[in-house]
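S.K.: Need coordinates for the following:
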Amino acid sequence: MTGLTTCIIIIGSEITRGIIQDTNSHWLARRLTSIGIDVRRVIVVPDDMSEITWALRACIEACNIVITTGGLGFTSDDITIPVIAESLGLKRVYSPAVYEMVKNRLRGRIPEHLEVVYPPEGAEPLLNTVGVSPGFHLVYNGRHLFILPGVPAEMENIFEGEVMPRLARLTGTSVTAESLAFLRTLKVITKHEVEAEVDKLLEPLRVKYKWAYIKTHARKPVEITIQVYGANREDIDEKVNTLLRELRKILEIDVAF
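M.R.: Alright, predicted model coming up:
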């Protein structure tokens, strides 16, 4: 792992009311984990100033990196930008660059609700090539805050094109598809029916191998998910082989990568 920790804040009353299902947190958690960044919290809050403020302050206290999605549109309930600025005690500053981004994407049809054009002071706009609202990168008290749209395609576009290069600089590594070799996920299918029994058998491995995440699932038969981190491909191969040898001593298993 890189030593970096992340909190994800999903903003949207349409999610907390059960109108739509959040997929952003799942996508982000998988992507961040794949590059060795530890996701500590996932919080879902409505479009409410007090709730967003609470989540933001708690996450900034807990993690190196905070990622928010949602609330960057052009309607009255898109309040993420003003709430973040007020929560952190930052002035909002008109951004000609953001205005031009929005104007160009909307072909001159400028909406009335333009909170994104006045981001918190110091926020760097992140280009959105598939939608209208840009994202933002803000450094606050040594924490990195990435403010992204809630539309999944737009969030993913900005994350891959703008956030990933910045994470690479933070980690001091090349955070690209090649770095996916540094994490390997294994699915282990046992011949056991009782999850608690399998979990007890695995506990010594959790203690012994801190670089592995080992989780049982209550299925019939019991399944195990294992994630192994390494410094490079050779390191990962060695760790995986070591762990599988240990597993074969205590379980009769089939392994699927």
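
S.K.: Quick check: phi and psi at the residue nearest to Ile11 when sequence neighbours are not counted.
M.R.: Counting by C-beta to C-beta, 6 or more residues apart in numbering, Gly70 is the residue found nearest to Ile11 once chain neighbours are left out, at 3.6 Å. Every C-beta, even on glycine, is put in place using the N, C-alpha and C of the backbone. Main-chain torsions, Gly70, degrees, to the nearest 10: phi 100, psi 160.

S.K.: Would you check that Gly70 makes contact with Pro149?
M.R.: Yes - look at Gly70 against Pro149 with C-beta atoms under 8 Å: they come within range, at 7.3 Å.

S.K.: Quick one: residues contacting the closest residue to Arg92 other than its chain neighbours.
M.R.: Among residues not flanking Arg92 along the chain, Tyr118 sits closest, at 4.2 Å (C-beta to C-beta, 6+ apart). Applying C-beta atoms under 8 Å, 6 or more residues apart in numbering, we find Tyr118 in contact with 81-82, 92-95.

S.K.: What distance do you get for Pro125 to Ile65?
M.R.: The gap separating Pro125 from Ile65 is 18 Å, by C-beta to C-beta, to the nearest Å.

S.K.: Show me which of those two is the more surrounded one.
M.R.: Ile65 (24 against 19; other C-beta atoms under 10 Å).

S.K.: any idea how far that one is from Asp235?
M.R.: Ile65 is 24 Å from Asp235, by C-beta to C-beta.

S.K.: Next: Thr16.
M.R.: 42 Å.

S.K.: what does Leu114 give?
M.R.: The separation that Leu114 has from Asp235, given C-beta to C-beta, amounts to 49 Å.

S.K.: Let me have the contacts of Tyr118 in JSON lines, adding secondary structure as columns.
M.R.: What follows is those, written out as JSON lines (DSSP: H, G, I helix; E, B strand; the rest coil):
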{"residue": "Ile81", "secondary structure": "helix"}
{"residue": "Pro82", "secondary structure": "helix"}
{"residue": "Arg92", "secondary structure": "strand"}
{"residue": "Val93", "secondary structure": "coil"}
{"residue": "Tyr94", "secondary structure": "coil"}
{"residue": "Ser95", "secondary structure": "coil"}
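
S.K.: in this structure, which helix has the most residues?
M.R.: For the chain, the helix with the greatest residue count under DSSP state H is helix 233-250.

S.K.: I'd like the average pLDDT over it.
M.R.: The pLDDT scores in helix 233-250 average 86.

S.K.: same for it, what does it pack against?
M.R.: strand 183-189, helix 195-208, strand 223-229 (3 or more C-beta pairs under 8 Å, 6 or more residues apart in numbering; DSSP states H and E).

S.K.: What are the buried residues along that helix?
M.R.: Residues of helix 233-250 classed as buried by neighbour count (16 or more other C-beta atoms under 10 Å): 236, 239-240, 243-244, 246-247.

S.K.: Give me the nearest residue to Ile65, chain neighbours excluded.
M.R.: Closest to Ile65 by C-beta to C-beta, 6+ apart is Thr6, at 4.4 Å.

S.K.: and what of Cys59?
M.R.: Cys7 is the one closest to Cys59 (C-beta to C-beta, 6+ apart), at 3.5 Å.
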